[in-house]
Every structure is written in structure tokens, then in C-alpha cells.
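Colleague: quick one, structure for this:
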Amino acid sequence: MWQVGGGEAEEQGARGSVDAAAPSALRMPSWLHRRMKSLARYERRLPPHIGLELTALLFIATGIAGVMSAGRTDELVTSLSNASGLVVESVKITGQMETSEVAVLQKLQLPPDASLPAIDVASARERIESLPWVQTASLRKVYPSTLKITIDERQPYVLWQHDQQLSVLDETGRVIGDASDAHRSLVRVVGAGAETRAPEALALADTVPAIRARLKAAVLIGQRRWNFVLDNGVTLMLPQDDPKAALARIAGFDQSNNLLGRDIVSVDLRLGDRMFVRLTPEAATKREAELKEQAKLAKRKGAST
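Modeller: Presented below is the predicted three-dimensional model:
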């Protein structure tokens with residue numbers, strides 16, 4: 001093994017020891033002798049301090065290999081990044097409305113001296129996308145010191161009333177948060193299984209735009225049929241079969257007789273070809289009084305004749 005030494009005297013001493021140890025009867029082949037002289041000339045051209053530098057590099061390489069074999073690659077990357085100034089100094093978050101920046105930062109799990117190259121983007125994205133409102137998240141490293149995060153949030157679709165709670169659902173029926181004043185314009189769905197069948201209810205209401213514009217709640221009854229509650233409190237009791245035709249009938253009566261603008265509680269179309277209208281208590285009392293007055297007038301008129 002060749003040792004990278006410091007000078008010509010050492011080289012001559014080394015050659016002398018080799019020659020002394022070699023049997024006198026053996027001669028080195030000429031081609032090998034030329035090769036050895038070439039290597040000797042190359043050795044003489046090396047700077048005198050190259051041995052120290054190569055030794056230092058050997059120690060560094062050995063240390064890196066040891067860290068990597070011990071499974072401490074992240075520590076190595078962090079140390080090297082810190083030494084080169086690649087520490088995360090700025091995290092820029094955009095696209096979120098319902099998700100707080102604090103929640104995103106907590107999911108990032110960055111230490112104070114976080115190294116930008118050492119960030120596992122895939123794992124960080126997965127953690128951020130576990131937040132209720134986050135549908136997708138993209139992370140981009142902007143060297144030397146910035147991490148950019150773009151959030152695409154789920155869209156609130158309906159409110160789900162369950163167990164005395166009011167939750168916001170997306171179109172897939174996933175709970176994405178608690179309801180607030182900002183969501184009060186959303187239609188409310190009520191009843192067992194209603195959270196997964198909300199698109200069905202809204203699609204039905206969309207067939208009659210005048211009713212869809214006034215729809216406040218859709219109540220699933222026995223997982224078979226819907227009751228629609230309008231903005232004035234009137235309940236439309238729809239049949240299980242062909243609820244679309246029933247809605248069209250109600251819309252027709254409303255257009256011709258202002259049915260939904262009257263003092264009524266409900267319109268019952270569960271029997272299909274029949275419509276039952278229930279008045280409010282005040283309207284019912286008033287209607288009863290009117291019928292009694294009409295009966296008195298009829299009786300007087302009959303007595304006078």
C-alpha cells in the first residue's frame with residue numbers, strides 16, 4: 001500500500017528498504033520498473049500538506065458514513081443545512097379561509113432550527129390534509145429559506161342537524177367543521193342518513209327553482225321520503241314515489257292561488273292525487289269564525305224567507 005508522504009528523502013529510504021528486502025537473484029520487469037518510477041515522480045509533485053488534507057477528508061467521510069449507517073441522516077442534513085444557511089426562516093400559507101395558520105403550522109411539526117432540505121414534503125402534506133377543511137395541500141421549497149404552502153379547502157355544501165349539533169358538510173357528506181353565522185344560508189338536512197343523501201334532496205328542489213330559492217331544510221322521514229321546510233315555516237310533505245311531480249303541483253297552485261303565501265302550516269301530498277292543506281292555529285281559528293258567521297247569515301236568510 002502506498003503511503004502519501006512528505007518528501008524525497010523518505011521516498012529514497014522507502015526504496016532502499018524495499019531493495020534490501022528483495023532477493024538479489026530476482027529482478028523487476030522493465031515495464032513494472034517504469035511504472036514505479038512514474039508513480040514516484042507523481043508523488044514528488046504533491047504538495048507537502050496533502051497528507052493532512054486527505055486524512056481530514058477521510059475522517060469526514062468516515063463520520064458521514066457512520067451517521068448514515070446509524071439512521072441519523074436527518075441530523076446530518078440539518079447540520080449541513082444550518083452550516084450553509086439553509087434554515088427555514090419563512091413559511092407562507094395561502095388559499096385557506098376556514099383553516100387557521102396555527103393549525104397548519106402545528107401539522108408541519110417544524111423544530112426551531114428546521115432545515116429546508118430535510119423537510120419531508122410528502123409526510124407534511126399528508127398531515128396538513130388531515131385537517132377537516134383541507135382538501136388538498138401543496139408544499140414548495142423556495143431556497144434558501146422559504147417554504148410555501150397552498151391550501152385548497154373543501155366547499156361547504158349543507159348543514160347537518162344531528163344529536164343537538166349543527167355541522168357543516170361537504171358534498172360527499174364529510175363533516176368539515178361546526179356551523180357558524182357564515183353558514184346560516186346553507187340548507188339544513190335532518191334525519192338518519194340525511195347527511196349522505198343531501199345531494200338527492202337539493203337535486204329534487206332544483207327542479208322547481210321557486211321552491212329551491214325558499215328551501216331552508218330537508219327532513220328525511222324513515223329514510224324513505226322528504227319533507228321540505230320553506231323560509232316561512234311551511235312544510236311540504238312529499239310522497240315517496242314521484243316527489244318531483246308533487247313539487248310541480250305545489251308550484252302550480254302557488255302561482256295561481258298564492259298557496260305558499262297564505263297562513264298555512266303544511267301542504268300534504270303523500271297520497272299523490274290529493275292535496276291536504278293545514279292552516280296555522282290563528283288562521284284555523286279565523287277560518288272557523290268565518291264559517292260560523294256564514295252559517296248564521298244563511299240561517300237568517302232562510303228564516304226571512
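Colleague: show me the shaky parts of the stretch 51-200 of the chain.
Modeller: For the stretch 51-200 of the chain, applying pLDDT under 70 flags the ranges 51-85.
Colleague: the strands in the stretch 151-300 of the chain, which residues?
Modeller: In the stretch 151-300 of the chain, the strands defined using DSSP state E, counting those that start in this stretch lie at 158-162, 165-169, 175-178, 188-190, 215-221, 225-230, 235-237, 264-268, 276-279.
Colleague: relative to strand 225-230, how tilted is the longest one?
Modeller: On the basis of axes from the mean of the first three to the mean of the last three CA atoms, to 10 degrees, strand 215-221 is oriented at 160 degrees to strand 225-230.
Colleague: mean confidence for strand 215-221?
Modeller: Regarding strand 215-221, the rounded mean pLDDT is 98.
Colleague: neighbouring strands of that strand in the sheet, and parallel or not?
Modeller: strand 188-190 (parallel), strand 225-230 (antiparallel) (DSSP bridges).
Colleague: show me what that strand is in contact with.
Modeller: Residues outside strand 215-221 that contact it (CB atoms under 8 Å, 6 or more residues apart in numbering) are 161, 187-194, 197-198, 201-202, 205, 226-231. Just so you know, the C-beta spots here come from the backbone N, C-alpha and C atoms, and that holds for glycine as well.
Colleague: out of those, which end up buried?
Modeller: By neighbour count, with 16 or more other CB atoms under 10 Å, the contacts of strand 215-221 hold 161, 187-191, 194, 197-198, 201-202, 205, 226-230 as buried.
Colleague: need the strands of the stretch 151-300 of the chain in JSON lines with distance to Gln96, can you?
Modeller: Listed next are the strands of the stretch 151-300 of the chain as JSON lines, based on distance: least, CB to CB, whole Å:
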{"stretch": "strand 158-162", "distance to Gln96": "21"}
{"stretch": "strand 165-169", "distance to Gln96": "15"}
{"stretch": "strand 175-178", "distance to Gln96": "12"}
{"stretch": "strand 188-190", "distance to Gln96": "25"}
{"stretch": "strand 215-221", "distance to Gln96": "29"}
{"stretch": "strand 225-230", "distance to Gln96": "33"}
{"stretch": "strand 235-237", "distance to Gln96": "38"}
{"stretch": "strand 264-268", "distance to Gln96": "42"}
{"stretch": "strand 276-279", "distance to Gln96": "47"}
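Colleague: for Leu147, which of those is the nearest?
Modeller: strand 175-178 (24.9 Å; CB to CB).
Colleague: what sits closest to Pro199 if chain neighbours are left out?
Modeller: Once flanking residues are discounted, Pro199 sits nearest to Glu171: 6.3 Å by CB to CB, 6 or more residues apart in numbering.
Colleague: quick one, what contacts the one you found?
Modeller: Glu171 touches 155, 157, 198-199, counting by CB under 8 Å, 6+ apart.
Colleague: got a PyMOL select line for the buried ones in those residues?
Modeller: In PyMOL, this line selects whichever of the contacts of Glu171 come out buried by 16+ other CB under 10 Å:
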select buried, resi 157+198
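Colleague: please flag which of the contacts of Glu171 sit within helices.
Modeller: Among these, the members found in helices (DSSP state H) are 198-199.
Colleague: among the contacts of Glu171, which one lies nearest to Val121?
Modeller: Using CB to CB, those come closest to Val121 at Gln155, 25.4 Å.
Colleague: ok, the closest one to Gln164 distance?
Modeller: 25 Å (CB to CB, to the nearest Å).
Colleague: check Glu101 too.
Modeller: Glu101 sits 31 Å away from Gln164, going by CB to CB.
Colleague: same for the one helix or strand Gln106 maps to, what does it pack against?
Modeller: Per DSSP states H and E, Gln106 falls inside helix 101-108. Applying 3 or more CB pairs under 8 Å, 6 or more residues apart in numbering; DSSP states H and E, we find helix 101-108 packed against strand 90-94, helix 121-128, strand 146-153.
Colleague: one more pass at 7 Å, please.
Modeller: If contacts are counted by 3 or more CB pairs under 7 Å, 6 or more residues apart in numbering; DSSP states H and E, helix 101-108 sits against strand 90-94, helix 121-128.
Colleague: out of those, which comes closest to Gln294?
Modeller: Within the helices and strands packed on helix 101-108, the stretch nearest Gln294 is strand 90-94; the backing value is 69.3 Å (CB to CB).
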